[in-house]
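Undergrad: what follows is a protein structure lacking sequence information:
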């Protein structure tokens, strides 16, 4: 029976691809990659919020209302604890030189999350360690992520204003505007994820290669935003008064971890489709003596070559022939 199930998933892409994504996520220790993004994301949020508040104070000195709206739009991406974080957005102040030093230091520390995302994407795509940028160049590359984040804030601000004003134009037209805002939001976020996946990956990946994961991330992001708003309005009323700072910290870390898992899974999907790492053998994670598919061999070879630290280092991977069994081999589709 297991052999028939294995043969079925190998012949049908709609089942073989998700299985390969899950197996690669496990092989790459995706949960640990997501945990690393969560850790640096938690540590980076407040320095980046500090930098954002300070920069907005320079760019929009005479419009404090718009400054708060942009900050609130950025924090609304964390619907469970965003309102509680708004009060922490206090800009840096002091002399010009001291202010510049403070901004640079806060920005350098806040870029840790982007570096963690870079590490995850390069690991998923099998980029050798010697090909990855050093810590300084990695943070320079991460500045692109901040630009994309700024674009995302502007997009969400406009769409939030559109959705808020939809109720004033009639019920039917208001529903249509809300749906339009959701579609535009998903499309905009998909475009930002495409740019992010390409900018933060050392390997030269095309738009076609990263589009499936970007679309998955954008849709999942929108769903999480809606679920978060529903959870806040129905399940967390008054919870901050009960749990205080402890509840805020746990809510923030849980939310960042969910988003990090989505990003890693989306990257795994892109790599599986782009490098054709499917179909995988059904029993590969559970049984040692198993018939490896071509995708299994490519995956295991990639895991080894990823650990190359120097250009003059050569890594060769060989697979011993499997012992003969009475069961006939399971065929897989060509191509």
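TA: Received, thanks. Computed from a predicted model, the values in this text were never measured in an experiment. Residues are numbered from 1 along each chain as shown.

Undergrad: so which elements touch the helix or strand hosting residue 38?
TA: Here residue 38, judged by DSSP states H and E, is contained in helix 30-59. On a contact count with 3 or more Cβ pairs under 8 Å, 6 or more residues apart in numbering; DSSP states H and E, helix 30-59 meets helix 64-75, helix 96-110, helix 112-124, helix 239-274. All C-beta spots, glycine's among them, are computed from the backbone N, C-alpha and C.

Undergrad: hmm, 6 Å instead?
TA: helix 96-110, helix 112-124, helix 239-274 (3 or more Cβ pairs under 6 Å, 6 or more residues apart in numbering; DSSP states H and E).

Undergrad: the last one: what's the following helix or strand?
TA: Right, the one you point to is helix 239-274. Past helix 239-274, the next helix or strand by DSSP H and E is helix 294-305.

Undergrad: now do that next one against helix 112-124, angle only.
TA: 130 degrees (axes from the mean of the first three to the mean of the last three Cα atoms, to 10 degrees).

Undergrad: state the mean pLDDT of helix 294-305.
TA: Taken as a whole, helix 294-305 carries a mean pLDDT of 92.

Undergrad: quick one: contacts of that helix?
TA: 126, 277, 278, 280, 281, 284, 315, 317 (Cβ atoms under 6 Å, 6 or more residues apart in numbering).

Undergrad: top of the residues you listed by neighbour count?
TA: residue 280 (28 neighbours; other Cβ atoms under 10 Å).

Undergrad: does that residue touch residue 20 like I think?
TA: Yes. In this structure, residue 280 is within contact of residue 20 by Cβ atoms under 6 Å, at 4.7 Å.

Undergrad: just confirm residue 15 contacts residue 9, I think it does.
TA: Yes. Counting by Cβ under 6 Å, residue 15 does reach residue 9; the two are 4.4 Å apart.

Undergrad: what about those two, which has more around it?
TA: Taking other Cβ under 10 Å, residue 15 and residue 9 do not tie; residue 9 has more neighbours (21 against 15).

Undergrad: roughly how far does the more buried one sit from residue 32?
TA: Separation of residue 9 from residue 32 (Cβ to Cβ, to the nearest Å) stands at 26 Å.
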